[in-house]
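**Student:** sequence plus predicted model, see below.
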Amino acid sequence: MEAERVLVIGVGRIGAVTAVGLAHLLHDVTGVDTNAGRVEELQAGRLREAEPGLRAALRSALRLRRLRFAQGVAPAGFDFAFLCVDTPPLPGGEPDLRQLFAAAEFAAQTVRTGGIVVTRSTVPPGTGDRLEAALRAAGRGDLSVVHVPEFLREGRAWEDFREPDRIVIGARDAARAERVARLFAGISAPVYCCDRVTAELAKYAANAFLATTVSFANEMADLAARLGADPEMLFETLRADRRIGREAYLGPGLGFGGHCLPKDTAALEYVAATQGLPLHQLRATIQVNRERVGRAVAWLEETLGGLDGRCIALLGLAFKPGTDDLRESRSLALAAELTLRGAEVRGYDPLVRAAAGVHCPGTLPAAIEGADALVVAHRTEWVRAIDPADAAKLMARHAVFDAPGGIDHRAWTAAGFVTNRCLRAPVAAADGADR
């Protein structure tokens, strides 16, 4: 495989993984960003994200001199430019593409004649056409735009780059698609070459489907609780169906968050609206997700007899376990609602040091001590390892709202706790005491 000169514009989480991954595929990679601190951090081999394996891979690529980072580069004839900048949502859900077009303008100054601009950012269908028009207007009609969406899960991004389920390449013709496919020749995965609009839609469709499974699972958990069924066993039977799969996003919780699912579902709804096509299923998915935090607040308010002056300990602050990313965290949305009702909110998450609106004392016992109720937001081993008897000794009152169904409710009720039993009505403590 011939080594190519690759420029990666934007080295946040996705750009950093892309740059390191392409360097490990033996290409000559330069990563650039307007954030001088981020560039300095990566060039020194430091990584703030909790991404297993990525720091070691970064340092290895730097040591082998296949990767470098800079705040700016002189026009130097790169073969490819990967655009990995953020496309945040505007108030109406429309993606803000200003950073993307600025990155394309930078690429036009640095990519050689006949080179390829690869969009890695999540973009609305039709964006590639707009970028090519902008490049033609800038006198770079020789450049082609190819879309290669990323499907990298936070907390498993390096694994997903090296062992993806698929690689999707959207291009105007087979020759350009093949040139980009050769960049990933060292990865064993199915490659789907298609038109650019289909590739642009693929990421939105994937995230909309994942979001729908989360909202579906939450509604099924509610129904199971109302009927007296076991939500966890219900989801186990669903995962056993090969058409659904063992890794399906099935399980109750506070709803989906993070940087991708909320942003991409809103963007897809916006795109559909521009085509005069309402997506009723997607709209319901978004609405169900919005209601999850309110259900937790209502349970706590009823169980504690009001929230004013109460202390709530929130266990799990990032948008999901195994990451430090607080963007669109449903835990923080819950914290904000509790604070509005006069509650004090403490929090603990082993990967998070500080979070807006939440007092983070730094240790689990300190977060629990004196609390009136616990809210379990993450289904993780460190939560399951909590001894309910020890928690009872530390807390002022004994209530626990377990959003993901991740604790042993029998053990907690035996220790004197009122629990929500995975979103069903509160179960009385074992001794019948009113706590």
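**Tutor:** Happy to help now that I have it.
**Student:** in the longest strand seen in the chain, what's buried?
**Tutor:** Longest strand of the chain, by residue count under DSSP state E: strand 111-119. Neighbour-count burial for strand 111-119 flags 111, 115, 116, 117, 118, 119 (criterion: 16 or more other C-beta atoms under 10 Å). (C-beta placed from N, C-alpha, C; glycine too.)
**Student:** okay, now the unreliable bits of the chain?
**Tutor:** Within the chain, the stretches with pLDDT under 70 are 1, 74-75, 422-435.
**Student:** domain ranges for it, per the record?
**Tutor:** Per the record, the chain has its domains at 5-194, 203-287, 290-419, by automatic domain parsing.
**Student:** now do the end-to-end distance for the longest one.
**Tutor:** Between the opening and closing residues of domain 5-194 we find a distance of 24 Å, counting by C-alpha to C-alpha, to the nearest Å.
**Student:** list just the nearest of the buried residues of strand 111-119 to residue 397.
**Tutor:** Comparing the buried residues of strand 111-119 against residue 397 with C-beta to C-beta places residue 119 closest, at 52.4 Å.
**Student:** got the contact list for that closest one?
**Tutor:** Neighbour list for residue 119: 83, 100, 127, 128, 131, 145, 146, 147, 148 [criterion: C-beta atoms under 8 Å, 6 or more residues apart in numbering].
**Student:** can you tell me which of the residues you listed are in strands?
**Tutor:** Taking DSSP E as the definition of strands, the contacts of residue 119 contribute 83, 145, 146, 147.
**Student:** pull the most distant pair out of those residues.
**Tutor:** Longest span within these, C-beta to C-beta: 83 and 146, 10.6 Å.
**Student:** pick out whichever of these two has more residues nearby.
**Tutor:** Between residue 83 and residue 146, counted using other C-beta atoms under 10 Å, the more crowded position is residue 83 (27 against 24).
**Student:** so what's the more buried one bridging to?
**Tutor:** Counting by DSSP bridges, residue 83 is bridged to residue 9, residue 119.
**Student:** thought it was touching residue 107?
**Tutor:** Yes - if you go by C-beta atoms under 8 Å, residue 83 and residue 107 touch, sitting 6.9 Å apart.
**Student:** strands of the stretch 201-350 of the chain, start to end?
**Tutor:** For the stretch 201-350 of the chain, the strands defined by DSSP state E, counting those that start in this stretch occupy 311-315, 344-348.
**Student:** tell me which of those strands sits most buried.
**Tutor:** Ranked by average neighbour count under the criterion mean count of other C-beta atoms under 10 Å, these are headed by strand 311-315 at a mean of 26.
**Student:** which strands and helices sit next to it?
**Tutor:** Here strand 311-315 touches helix 330-340, strand 344-348, helix 364-368, strand 373-376, going by 3 or more C-beta pairs under 8 Å, 6 or more residues apart in numbering; DSSP states H and E.
**Student:** of these, which approaches residue 278 most closely?
**Tutor:** That would be helix 330-340 among these, by C-beta to C-beta, at 25.5 Å.
**Student:** which residues sit against that closest one?
**Tutor:** With C-beta under 8 Å, 6+ apart as the test, helix 330-340 has contacts from 253-257, 292-294, 296-297, 300, 307, 312, 314, 316-319, 326, 345, 347, 355-358, 375, 377.
**Student:** residues in contact with the most centrally placed residue in the chain?
**Tutor:** Nearest to the mean C-alpha position of the chain, counting by C-alpha atoms, centre = their mean, stands residue 258 at 4.0 Å. Residue 258 makes contact with 154, 319, 320, 325, 327, 328, 329, according to C-beta under 8 Å, 6+ apart.
**Student:** residue 257 reaches residue 317, doesn't it?
**Tutor:** No - the criterion here is C-beta under 8 Å, and residue 257 misses it with residue 317 at 10.9 Å.
**Student:** just put the contacts of residue 258 in JSON lines and tack on neighbour count.
**Tutor:** Listed next are these as JSON lines, based on neighbours: other C-beta atoms under 10 Å:
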{"residue": "154", "neighbour count": "22"}
{"residue": "319", "neighbour count": "28"}
{"residue": "320", "neighbour count": "22"}
{"residue": "325", "neighbour count": "20"}
{"residue": "327", "neighbour count": "16"}
{"residue": "328", "neighbour count": "18"}
{"residue": "329", "neighbour count": "25"}
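**Student:** can I get these in CSV including distance to residue 53?
**Tutor:** Shown next, in CSV, are those (distance: C-beta to C-beta, whole Å):
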residue, distance to residue 53
154, 14
319, 21
320, 18
325, 17
327, 22
328, 25
329, 24
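**Student:** which one of those residues is nearest residue 192?
**Tutor:** Checking the contacts of residue 258 against residue 192 with C-beta to C-beta, the nearest one is residue 154 at 23.3 Å.
**Student:** in space, what's closest to the closest one - neighbours in sequence excluded?
**Tutor:** residue 323 (4.4 Å; C-beta to C-beta, 6 or more residues apart in numbering).
**Student:** wait, the one you found touches residue 155, no?
**Tutor:** Yes - judged on C-beta under 8 Å, residue 323 makes contact with residue 155 at a distance of 4.4 Å.
**Student:** so what sits against both of those two?
**Tutor:** In contact with both residue 323 and residue 155: residue 50, using C-beta under 8 Å, 6+ apart.
**Student:** same drill for these two, tell me which one is more crowded.
**Tutor:** More crowded of residue 323 and residue 155, by other C-beta under 10 Å: residue 323, with 23 against 20.
**Student:** wouldn't residue 22 be in contact with residue 28 here?
**Tutor:** No - between residue 22 and residue 28 there is no contact, the gap being 9.1 Å when judged by C-beta under 8 Å.
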